[in-house]
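Peer 1: sequence and computational prediction follow.
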Amino acid sequence: MLKGFETDRIIMNALDEDIGLGDITTLSTVSENTVTDGVFIAKQQGVICGMSVLKRVYELIDETISVKVLINDGERVSAGDRIALISGNAAGILTGERVALNFLQRMSGIATAARAYSDKLAGTRAVITDTRKTTPGLRIFEKYAVRTGGGANHRFNLSDGVLIKDNHISAAGGIKEAVRKCRAVVPHLMKIEVETESMDQIREALEAGADVIMLDNMSCSEMKEAVDFIAGRAITEASGNMGDKDISEIALTGVDLISVGALTHSVKALDISLKFKIS
């Protein structure tokens, strides 16, 4: 469940952006005393995520609006399934409809994609994980959706983990020097990951004491060779356009993690609608 000041800030920013100076259509057509009962309906198969956000949108708009959750985060739905019931002031429900659906549809789309990837990894040691390729301002929602779908989270931001990439290596003067400099600064509990593109770099990263080795844009045969060579001395992560590749085949190489930027940067929203009848 998502809650707290950061969640409210994101929702309020979205409401401010969408409402502007006021919902002129609703203000012009709907009486302020009109009440309604409505239902959120899934229009395609998927995994639901974002019910606490849906409820919070309406709590911030009008605390008298009631939202009854019928499907919990992480549960699968089919086309036509009812997700939640809503009742209360019609103007308030209409004003929050687009923001509520935007969050619910996107988060459910991410959870659905994460579940599809995770299902393909069944029976292997590999875990699907996200990246920092998220929608600006929505990272906590999107990473929560990945977890809801059965995936795991990579770094949340630049301060909670070391990931030495090609440009860091060039600027530092090599993998060993980059790892040495990081090890001298970061807390002892923080892991250091190094991006590698060849067996030579993998050897250097291991010698430098890297905790995690990223196998970037390698073929399955190259990854298998790398995993066998590393032999558990470091965590291994497959990366590089993983969303376009056969995840099941990659998992069979023995890697520990498979990071997929497409989970958040290009996922398709789950189709959900709100239908209500004025009473």
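Peer 2: Arrived safely, thanks for sending. Numbering: from 1, shown residues only.
Peer 1: need the strands for the stretch 51-200 of the chain, in chain order.
Peer 2: For the stretch 51-200 of the chain, the strands defined by DSSP state E, counting those that start in this stretch occupy 66-69, 76-77, 82-89, 127-129, 162-164, 192-196.
Peer 1: now the phi/psi pair for Phe276, please.
Peer 2: phi -140, psi 160 (degrees, to the nearest 10).
Peer 1: count the residues that sit near Val267.
Peer 2: For Val267, the number of neighbouring residues by other C-beta atoms under 10 Å comes to 23. To be clear about C-beta, it is placed using only N, CA and C from the backbone, and glycine gets the same treatment.
Peer 1: now for it: which residues touch it?
Peer 2: Contact criterion C-beta atoms under 8 Å, 6 or more residues apart in numbering gives Arg106, Gly109, Ile110, Ala113 as the residues in contact with Val267.
Peer 1: looking at those, spot the one nearest Arg147.
Peer 2: Proximity to Arg147 was ranked across these by C-beta to C-beta; first place goes to Ile110, at 9.9 Å.
Peer 1: ok, Val57 - contacts?
Peer 2: Shown in contact with Val57 (C-beta under 8 Å, 6+ apart): Ile11, Leu15, Gly96, Val99, Ala100, Phe103.
Peer 1: also Gly123?
Peer 2: With contacts taken as C-beta under 8 Å, 6+ apart, Gly123 has no neighbouring residues.
Peer 1: re the thing from before, let's have the contacts of Val57 in a markdown table, adding distance to Val162, pLDDT and neighbour count.
Peer 2: A markdown table is the format used below for those (distance: C-beta to C-beta, whole Å; pLDDT from 0 to 100; neighbours: other C-beta atoms under 10 Å):
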| residue | distance to Val162 | pLDDT | neighbour count |
| --- | --- | --- | --- |
| Ile11 | 32 | 97 | 22 |
| Leu15 | 37 | 97 | 18 |
| Gly96 | 41 | 97 | 26 |
| Val99 | 36 | 98 | 24 |
| Ala100 | 38 | 98 | 28 |
| Phe103 | 32 | 98 | 23 |
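Peer 1: these in helices, which ones?
Peer 2: Ile11, Leu15, Gly96, Val99, Ala100, Phe103 (DSSP state H).
Peer 1: could I get those in CSV, plus columns for distance to Lys275?
Peer 2: Conversion of the ones in helices among the contacts of Val57 to CSV gives the following (distance: C-beta to C-beta, whole Å):
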residue, distance to Lys275
Ile11, 23
Leu15, 22
Gly96, 15
Val99, 17
Ala100, 13
Phe103, 18
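Peer 1: where does the prediction get shaky in the stretch 151-279 of the chain?
Peer 2: Per-residue confidence for the stretch 151-279 of the chain (pLDDT under 70) gives these ranges: 278-279.
Peer 1: let's see it at 80
Peer 2: Along the stretch 151-279 of the chain, the parts satisfying pLDDT under 80 run over 277-279.
Peer 1: can you show me the helices along it?
Peer 2: Using DSSP state H, counting those that start in this stretch, the helices of the stretch 151-279 of the chain run over residues 166-172, 175-183, 199-208, 220-230, 247-251, 262-265.
Peer 1: hmm, back to that, which pair in the contacts of Val267 spans the largest distance?
Peer 2: Taking every pair in those and measuring C-beta to C-beta, the maximum separation is 10.9 Å, between Arg106 and Ala113.
Peer 1: compare neighbour counts for these two and give me the winner.
Peer 2: The residue with more neighbours, out of Arg106 and Ala113 and counting by other C-beta under 10 Å, is Ala113; that gives 26 against 22.
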